[in-house]
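1. fold the following for me, if possible:
(2 chains)
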There are 2 protein chains.
Amino acid sequence: MTTARRDTYTPETLLAVAVQIFIERGYDGTSMEHLSKAAGISKSSIYHHVAGKEELLRRAVSRAIDGLFGILEEPEAREGRAVERLEHVTRRMVGVLTTELPYVTLLLRVRGNTETERWAMDRRRDFDHRVADLLKAAIAEGDLRDDVEARLATRLLFGMINSLVEWFRPEARGADGAEIADAVVQLAFRGLRVED
Amino acid sequence: MTTARRDTYTPETLLAVAVQIFIERGYDGTSMEHLSKAAGISKSSIYHHVAGKEELLRRAVSRAIDGLFGILEEPEAREGRAVERLEHVTRRMVGVLTTELPYVTLLLRVRGNTETERWAMDRRRDFDHRVADLLKAAIAEGDLRDDVEARLATRLLFGMINSLVEWFRPEARGADGAEIADAVVQLAFRGLRVED
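-> Residues are numbered from 1 along each chain as shown, chains lettered A, B, ... in the order given. Next up, the predicted model:
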């Protein structure tokens, strides 16, 4: 028998626990009971902090979404040639993914069964379009090749970046966020081949 | 009430149904009951074809694994400079992913709770290592840049290719397998930037 811990949670720390459980069990597969057990506090203590599990999901994915959209507001994402802005956004996306890993992981796994999930998918799609527009602008400015279709190039770029949630583990030895950002920019924009 | 269809399944067609359900519900979340309902035949009819759901999983992921390892046996993957062999493997991986989409999707989602899942993950890891070795050989031969660490480059390359299971829909209009293969090779090896 486990004794329920005294509730020393803040909405912030409770969120961190909830996100882990959502990732492990899937959002649909998580009950308030699971959250209560994982946090070691009663369900009524959780309800003291949030209205329910959907509020926890909304807060969690908001954190990822705010991080991503925040990139687009940075001066380096707003000024200069589109290709430079795109490289900045690429680099910073890797930054947000590595620092907000569980929140972005959850965002990428959301499937759209509830209003919050559908809202999150819409926001994610908006972000993808913003980046695709930047890529198109860089093609129009003659800095990116026009023989890879813009939408396909965006998908492959996101595929490369988003794969981080599958293999990046902050606690493990290996490349850190900055090294990964360099590698992604190098690979996506300059390619792996040694230039002739 | 649905009337059970007459069992006109072959192990092959039953597999196609099972793979869809495994993808939708997750392998752990799928019971023989779910499979029986989806196939419209009785559980005993399913047992006539296979020993159980783990055999269906093994057959399904084997199909993806055999497709991937088959690439490494092709002459273009065995002869010539490593960089050319790697480009061939990259292109053909896109081919296998697009033609065997549900089977590869399942392989990529397998998590390792049963012996079959652990076996599949081992085989997948073997394949990743074989490709990483090819990438290392291409660096050693001076054709690929050495400023992106080989293991990281392999992960990003796989991230890009494997993202197909998230967005490629064979029935939708849009790029086909050959166009995607071209785009992946272009992006990964030559980069998006127009060469100066």
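
2. tell me what the longest helix along chain A is packed against?
-> Ordering each helix of chain A by length in residues (DSSP state H) puts helix A:115-140 first. Where contact means 3 or more C-beta pairs under 8 Å, 6 or more residues apart in numbering or on different chains; DSSP states H and E, helix A:115-140 is packed against helix A:53-73, helix A:82-99, helix A:101-109, helix A:150-162. Any C-beta I mention is one placed from the backbone N, CA and C, and that applies to glycine too.

3. average model confidence for it?
-> Helix A:115-140 shows an average pLDDT of 97 in the prediction.

4. next, the angle from it to helix A:53-73.
-> Here the directions of helix A:115-140 and helix A:53-73 differ by 20 degrees (axes from the mean of the first three to the mean of the last three C-alpha atoms, to 10 degrees).

5. what angle separates helix A:115-140 from helix A:82-99?
-> On the basis of the same axes, to 10 degrees, helix A:115-140 is oriented at 150 degrees to helix A:82-99.

6. can you pull the buried residues of helix A:115-140?
-> The neighbour-count check on helix A:115-140 (16 or more other C-beta atoms under 10 Å in any protein chain shown) flags A:116-117, A:119-120, A:123-124, A:127-128, A:131-132, A:134-139 as buried.

7. with adjacent residues omitted, what lies nearest to A:Trp167?
-> Spatial nearest neighbour of A:Trp167, excluding adjacent residues (C-beta to C-beta, 6 or more residues apart in numbering or on different chains): B:Arg155 at 5.5 Å.

8. so the one you found touches A:Ser163, yeah?
-> Yes. Under the criterion of C-beta atoms under 8 Å, B:Arg155 makes contact with A:Ser163 at 6.7 Å.

9. which residue is nearest the middle of chain A?
-> For chain A, the residue nearest the mean C-alpha position is A:Val104 (2.6 Å; C-alpha atoms, centre = their mean).

10. show me what contacts that residue?
-> Taking C-beta atoms under 8 Å, 6 or more residues apart in numbering or on different chains, we find A:Val104 in contact with A:64, A:67-68, A:96-97, A:165.

11. 7 Å instead?
-> A:64, A:96-97, A:165 (C-beta atoms under 7 Å, 6 or more residues apart in numbering or on different chains).

12. list only those of those flagged as buried.
-> A:64, A:96-97, A:165.

13. which one of those residues is nearest to chain B?
-> A:Val165 (9.7 Å; C-beta to the nearest C-beta).

14. before we move on, back to that, check the contacts of A:Val104 against chain B, which are close?
-> Among the contacts of A:Val104, no residue sits close to chain B (C-beta under 7 Å from any C-beta of the partner chain).

15. now, the most widely separated pair of the residues you listed?
-> Pairwise distances across the contacts of A:Val104 peak at 11.4 Å for A:Val96 and A:Val165 (criterion: C-beta to C-beta).

16. which one of the buried ones among the contacts of A:Val104 is nearest to B:Gln20?
-> Using C-beta to C-beta, A:Val165 comes nearest to B:Gln20 of the buried ones among the contacts of A:Val104, at 24.5 Å.

17. quick one: secondary structure of that closest one?
-> helix (DSSP: H, G, I helix; E, B strand; the rest coil).

18. check what pLDDT it gets.
-> pLDDT, A:Val165: 95.

19. is it in contact with A:Arg109, as I believe?
-> No. The criterion here is C-beta atoms under 7 Å, and A:Val165 misses it with A:Arg109 at 8.4 Å.

20. enumerate the residues of chain A near chain B.
-> Counting by C-beta under 7 Å from any C-beta, chain A sits next to chain B at A:83, A:142-145, A:147-149, A:152-153, A:155-156, A:159-160, A:162-163, A:167, A:175, A:180, A:183-184, A:186-194.

21. hmm, A:Asp7 is touching A:Lys43, no?
-> No. With contacts counted by C-beta under 7 Å, A:Asp7 stays clear of A:Lys43, the gap being 11.3 Å.

22. how about the residue nearest to A:Met32 when sequence neighbours are not counted, phi and psi?
-> Excluding the flanking residues, the one nearest A:Met32 by C-beta to C-beta, 6+ apart is A:Lys43, at 5.1 Å. Backbone geometry at A:Lys43, expressed as degrees, to the nearest 10, gives phi -60, psi -40.

23. got a list of what A:Glu33 touches?
-> By C-beta under 7 Å, 6+ apart, the contact list for A:Glu33 is empty.

24. so it, which state does it fall into?
-> Per three-state DSSP, A:Glu33 ends up helix.

25. circling back: B:Glu55 is nearest to which of the helices and strands packed on helix A:115-140?
-> Of all the helices and strands packed on helix A:115-140, helix A:101-109 comes closest under C-beta to C-beta, at 28.3 Å.

26. for A:Arg58, see how far away A:Ser44 is.
-> 21 Å (C-beta to C-beta, to the nearest Å).

27. between the two, which has more neighbouring residues?
-> The residue with more neighbours, out of A:Ser44 and A:Arg58, is A:Arg58; 19 against 10, by other C-beta atoms under 10 Å in any protein chain shown.

28. the more buried one against A:Thr116, yeah?
-> Yes. If you go by C-beta under 7 Å, A:Arg58 and A:Thr116 touch, sitting 4.7 Å apart.

29. what sits in contact with each of the two?
-> By C-beta under 7 Å, 6+ apart, no residue touches both A:Arg58 and A:Thr116.

30. picking up where we left off before, quick check, nearest of the contacts of A:Val104 to A:Ser31?
-> Looking across the contacts of A:Val104 and measuring by C-beta to C-beta, the closest to A:Ser31 is A:Ala64, at 22.9 Å.

31. residues in contact with the closest one?
-> A:Ala64 neighbours (C-beta under 7 Å, 6+ apart): A:100, A:103-104, A:106-107.
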